[in-house]
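Peer 1: missing the sequence, but the structure's below:
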């Protein structure tokens, strides 16, 4: 090999010095990048695996629904929540379990299940459904303030009719007829004309002398 001239030797020496000072850091950074890429792929695989397992447990819950046994349904829903509480299946499982509890007149269990959905569901629509159902239970218990608080919470526009109608029921239960009429009128206006539910709201308005 031809001998390096002075300028080339200085460049080689400078490169060696730079590598000695920065080489380990560069290799570490490269390892972190490659490790991060591997971690992302690994995490995606983990999420896919967890989703499949959560779906399988939810399938078991659907099987238990046929039994109409609130205890078995509740246990199946609890398994989904305990093992995959952050999945989209968990709040749906709790809503199904709450409905079974309501049918069995187990109000305490239903309230706990619905509150879990309100506190943990990632989808606003599921929270809206849970608030509506829980408010109805509180109305039955004459907890008018609690029911009203739930109905006053922000919710999707598509729920306006249902929320307003239940507000009317809360007002009627307290003897507040004018407030009830206003709520029913709002429910009537916010419910699609083709929706049969609108006829029920119409009947409530008729009973108050406020039919439109």
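Peer 2: Here it is on my side, so go on. Values in this document were obtained by computation on a predicted structure and should not be read as measured data.
Peer 1: next structured bit after the helix or strand bottoming out on mean pLDDT in the chain?
Peer 2: The weakest-scoring helix or strand in the chain, judged by mean pLDDT, DSSP states H and E, is helix 6-65 (a mean of 60). With elements assigned by DSSP states H and E, the helix or strand that comes after helix 6-65 is helix 70-84.
Peer 1: and for that next one, what's in contact with it?
Peer 2: 50, 53-54, 57-58, 60-61, 63-65, 67, 87, 89-90, 93-94, 96-97, 100-101, 103-104, 106, 109, 113, 116 (Cβ atoms under 8 Å, 6 or more residues apart in numbering). Bear in mind the C-beta positions are built from the backbone N, C-alpha and C, glycine included.
Peer 1: narrow these to those that are buried.
Peer 2: By neighbour count, with 16 or more other Cβ atoms under 10 Å, those hold 54, 57-58, 61, 64, 87, 89-90, 93-94, 96-97, 100-101, 104, 106, 109, 113, 116 as buried.
Peer 1: can you flag which of those belong to helices?
Peer 2: 54, 57-58, 61, 64, 89-90, 93-94, 96-97, 100-101, 109, 113, 116 (DSSP state H).
Peer 1: let me know the closest of these to residue 172.
Peer 2: Residue 172 has its nearest neighbour among these in residue 101, at 25.8 Å by Cβ to Cβ.
Peer 1: ok, now how distant is the residue positioned nearest the centre of the chain from residue 130?
Peer 2: The residue lying closest to the centre of the chain (Cα atoms, centre = their mean) is residue 121, at 2.1 Å. As defined by Cβ to Cβ, to the nearest Å, residue 121 lies at a distance of 7 Å from residue 130.
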